[in-house]
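> Predicted coordinates and the sequence they were generated for:
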Amino acid sequence: IRTTLEQKRQTILFLNRRGFTHFFRCNSCGFEMKCKNCSVPLTYHKTENRLRCHYCGYSVQPPAQCPECGSLDVGYSGFGTEFIEAEVKAKFPAARVMRIDTDSLSKKGELQEKLNLFKSGEYDILLGTQMIAKGLNFPRLKLAGVVLADTGLHMPDFRASERTFALITQVAGRAGRFFPDGRVIVQSYSPDREPIALAVTAQTDEFYRRELENRQILFFPPYSRLLRFVFRSSVPEAAKAAASGAWQILKSNMQESVDILGPAECPLSMISLNYRHQIILRAKNIFPLQKMAKVLLFGYSAPKNVYIEVDVDPVNLM
């Protein structure tokens, strides 16, 4: 970054995580502050001094001591775009730094305004989340940095590797579009993992080949079709019972060559005070899945306090 600034060129830093730090943690008992409405840790935002949920918007004042054991030995783990912004400004005080994420944008058209300012050379360093990764061309850009590139690798979703590879490739595409000396630096705790190692060496065909091999072994798309039912309710036992009842119907109307995965809690087991359970149907083609879905949707009356979502070929399994 220092060398890039000396050459009067620009830098982009990408981190797919908002906020100042990732979550509040007690070092004595291990307690983590989670959202009261969702099963996710709260993220600390320094500018407003609040712990905030990125799913439902719930926020709370950071506690001075652990709510669980009363210990004063508390702190924050992980880091987000706000933290990176503070670090960059401290290390390069003369640089003009701009952050772009959903927390820093407040009005319509502001994203394009900020991108135009960076493109015209009003800022030296642009940092932000996924919204700065795709399809943008900046003539003065020399350096693109990906911070903590393996963040998405640990998601319980079969597309995690594909998304990680795509993001690194997209960020890398920002540098060197106008000059041959563009440089990309990827920081990772797992540099040998396939999506990262193959992305930084631009081995797209090899990643594609290996990922297809894995998908074929595991019988996931594109070698199968998926149909996902999510049962959500403000009553935890109602969501669980509805998923179990639906499973009984699906099992008794089983079509040939269909796998039933579940019922199980969703990886994000609660969002906005709704408890969530899921069932995933998997088959070579969509027709037997549609037949089973039709039987369930027309032959099963879910309790009034349970809502059923149906997603064909879901993009997200969280």
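That came through fine.
> Just give me the longest strand of the chain.
When the chain is parsed with DSSP state E, its longest strand is strand 259-271.
> Low-confidence regions, the chain specifically.
Residue ranges of the chain with pLDDT under 70: 17-22, 77-78, 133-135, 174-180.
> Which parts of it are strands?
Assigned by DSSP E, the strands in the chain fall at 10-14, 23-26, 43-45, 50-52, 59-60, 74-77, 97-100, 125-128, 141-146, 183-186, 225-233, 259-271, 274-283, 306-312.
> Show me what counts as buried in the longest helix along the chain.
When the chain is scanned for its longest helix (criterion: DSSP state H), the result is helix 236-252. When neighbours are counted by 16 or more other C-beta atoms under 10 Å, the buried residues of helix 236-252 are found to be 238-243, 245-247, 250. C-betas here are computed from N, CA, C, even on glycine.
> now it and strand 306-312, what's the angle there?
Using axes from the mean of the first three to the mean of the last three C-alpha atoms, to 10 degrees, the interaxial angle of helix 236-252 with respect to strand 306-312 works out to 50 degrees.
> what's helix 236-252 in contact with?
Contacts with helix 236-252, where a contact means C-beta atoms under 8 Å, 6 or more residues apart in numbering, come from 229, 231-233, 260, 262-263, 274-279, 281, 292, 295-296, 299-300, 302-303, 305-306, 308.
> Could you check how far that helix is from the centre of its chain?
Averaging C-alpha positions (C-alpha atoms, centre = their mean, to the nearest Å) puts helix 236-252 28 Å from its chain's average.
> Then stretch 207-214?
Remark: stretch 207-214 is offset 22 Å from the chain centroid, using C-alpha atoms, centre = their mean.
> in that stretch, what counts as buried?
Residues of stretch 207-214 classed as buried under the neighbour-count rule (16+ other C-beta under 10 Å) are 207, 211.
> now swap in stretch 28-41 and tell me
Those buried within stretch 28-41 under the rule 16+ other C-beta under 10 Å are 31, 33-35, 37-41.
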